[in-house]
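Asker: I'd like to go over a predicted model; first the sequence, then the structure.
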Number of protein chains: 2
Amino acid sequence: MDGRTDRAQTPAEDAATRRRLPPEERRQQIVDEAVRFFAEVGLDGKTRDLAKRLGVTQSLLFNYFATKDDLIEAVYEKVYLDRLSPGWPDRLTDRSLPLRVRLLAFYTEYSALIFEREWMRIFMFSGLAGAALNHRYLKHLGEVILRPVLAETAALARGARQPDMEDIWNLHGGIVYVGIRQHIYRMPPPDDPDAAIARAVDKYLSYFGIRPED
Amino acid sequence: MDGRTDRAQTPAEDAATRRRLPPEERRQQIVDEAVRFFAEVGLDGKTRDLAKRLGVTQSLLFNYFATKDDLIEAVYEKVYLDRLSPGWPDRLTDRSLPLRVRLLAFYTEYSALIFEREWMRIFMFSGLAGAALNHRYLKHLGEVILRPVLAETAALARGARQPDMEDIWNLHGGIVYVGIRQHIYRMPPPDDPDAAIARAVDKYLSYFGIRPED
DNA sequence: AATCCTGTTGATCATATGATCTATAAAAGT
DNA sequence: ACTTTTATAGATCATATGATCAACAGGATT
């Protein structure tokens, strides 16, 4: 043995992760790590494994969350909340700008938010589990984003072709699928995701005879 | 108590599920039910619950599969196998037919195969779990379906616009997303899925200046 | 420096879960 | 009818897992 005393603050322990944190801070720390953890291994991840990652006892988790389900609920809220900015409906319907510009702005920002491993995977896990928040989110998305997009498209569409909701879902799905490929199936991302999005939007608009400057 | 003897073949037991089946038959029965079961509850479904569904002891499962992972592997094989018919590459590149006809035929048949709850959910669960078969399938799909579609599109594209692989993935993703919405997120299906597919294909073709008769 | 509050640990419980093994009984062979 | 074979059940094991609780110790207050 070397001369070091062994009453040590174990050197393996992260210096930044000091013990005895204020409750709110600890709670956030737990939720943050839980998001990463459950996103990786799925919602059946074990509390002991999560605790190990946190460098904390498994029993501590139950000091902050009465049950594992409560913890998962907190993960859902952390992940789902503020993912749909309240400003978008207005911006999507701001007819002082061409629809193309509006759609590109929306999907560029939105994809930056959702093409993220944690979000994509938690969303998928929770969807498969039939979580209520998942349904609410999709309903909300349909109402505040997709339906306005439909209305804007219909207003500008020229020719006999009129969009229906299925067309909007197709646009949306084609774009979201980029993130699914990357984060769920772990395929390599496109060279230029923004370019891919732009082409998807252009394909969509041109199908309804809407020009870039419309 | 009533007068019935209790040595009964329990009336609850399904008459069709007679005991002591020939091994191959029993094995298939187990895999078939396992597909439904794991598709519903996820790959962390418990062997005891599966056995209960089968009206069989939990220990019997381990007579047919050494481990639970082996059973899941059998589920994967059952589900993944024969999902990509070997005839499609030839049919997709058969230039005696318009590309539109070929694409519609493919996606109509393909969607009939994959817009199925068991497939969709097992595919997603296995993708999230990082299963090797999932990667292989997607690689295969890219090689035998999407790449030929790219080549066919490129051959017919008029104007400056040339398709790249991302465009094909976008077409594909937009269509597959119909199934994801329906079976993963449990949203109501489109009124007419085939019509939705046709519009997706038409949108795609028209973007590259390909006419229906090309 | 002594005291108090409470965030954290360590031991532990009850149950769940994958897996094993022997006894049973259904069918096939003779 | 008797024997043999083997598919299946039932009991059981070892470990994993969510959850509980008393005891400890960090750090603020006095």
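Answerer: That came through fine.

Asker: can we go C-alpha only for contacts and neighbour counts from here?
Answerer: Noted.

Asker: do any residues in the host helix or strand of residue A:201 lie close to chain B?
Answerer: Assigned by DSSP states H and E, residue A:201 belongs to helix A:193-207. Yes: for a cut-off given as CA under 8 Å from any CA of the partner chain, helix A:193-207 has contacts with chain B, namely A:196, A:199-200, A:203-204, A:206-207.

Asker: so which bits of chain A are right by DNA strand C?
Answerer: Residues of chain A lying near DNA strand C by CA under 7 Å from any atom of the strand: A:19-23, A:26, A:55-57, A:59-60, A:63.

Asker: ok and the residue in chain A nearest chain B?
Answerer: Evaluated by CA to the nearest CA, chain A has residue A:174 as its residue closest to chain B, separated by 3.8 Å.

Asker: against residue A:199, how distant is that residue?
Answerer: Remark: distance between residue A:174 and residue A:199 (CA to CA, to the nearest Å) = 11 Å.

Asker: the more surrounded of those two?
Answerer: Legend: neighbour count by other CA atoms under 10 Å in any protein chain shown for residue A:174 and residue A:199, higher for residue A:174 (28 against 18).

Asker: what's the burial count for the residue in chain A positioned nearest to DNA strand C?
Answerer: Residue nearest to DNA strand C within chain A (CA to the nearest atom of the strand): residue A:20, separated by 3.2 Å. Other residues within reach of residue A:20 by the criterion other CA under 10 Å amount to 8.

Asker: do the longest helix anywhere in chain A and DNA strand D come into contact?
Answerer: Criterion DSSP state H: the longest helix present in chain A is helix A:23-41. No: applying CA under 7 Å from any atom of the strand, one finds helix A:23-41 separated from DNA strand D by no less than 11.0 Å.

Asker: just the buried positions in that helix, please.
Answerer: A:26-27, A:30-40 (16 or more other CA atoms under 10 Å in any protein chain shown).

Asker: show me what it is packed against.
Answerer: Using 3 or more CA pairs under 8 Å, 6 or more residues apart in numbering or on different chains; DSSP states H and E, the elements in contact with helix A:23-41 are helix A:47-54, helix A:68-80, helix A:117-128.

Asker: sec struct for residue A:187, please.
Answerer: When classified by DSSP: H, G, I helix; E, B strand; the rest coil, residue A:187 comes out as coil.

Asker: quick check on it: phi, psi?
Answerer: phi -90, psi 160 (degrees, to the nearest 10).

Asker: that one: neighbour count?
Answerer: Applying other CA under 10 Å, we find 15 residues neighbouring residue A:187.

Asker: repeat that for residue A:59.
Answerer: Burial of residue A:59 is recorded as 11 neighbouring residues (other CA under 10 Å).

Asker: the one 4 residues further on too?
Answerer: Residues within reach of residue A:63, counting by other CA under 10 Å, total 11.

Asker: so it is in which element?
Answerer: Residue A:63 is part of helix A:58-64 when elements are defined by DSSP H and E.

Asker: helices and strands around that helix, which ones?
Answerer: Contact analysis of helix A:58-64 by 3+ CA pairs under 8 Å, 6+ apart lists helix A:47-54 as its packing neighbours.

Asker: surely residue A:157 is in contact with residue A:206?
Answerer: No: under the criterion of CA atoms under 8 Å, residue A:157 makes no contact with residue A:206, lying 9.3 Å away.

Asker: which residues does the helix holding residue A:63 contact?
Answerer: When contacts are taken as CA atoms under 8 Å, 6 or more residues apart in numbering or on different chains, the neighbours of helix A:58-64 outside the stretch itself are A:27, A:30, A:47-48, A:50-52, A:68.

Asker: pull out the buried residues from it.
Answerer: By neighbour count with 16+ other CA under 10 Å, helix A:58-64 contains the buried residues A:58, A:61, A:64.

Asker: for stretch A:139-158, same thing?
Answerer: Of the residues in stretch A:139-158, A:142, A:144-150, A:152-154, A:156-157 count as buried by neighbour count, 16+ other CA under 10 Å.
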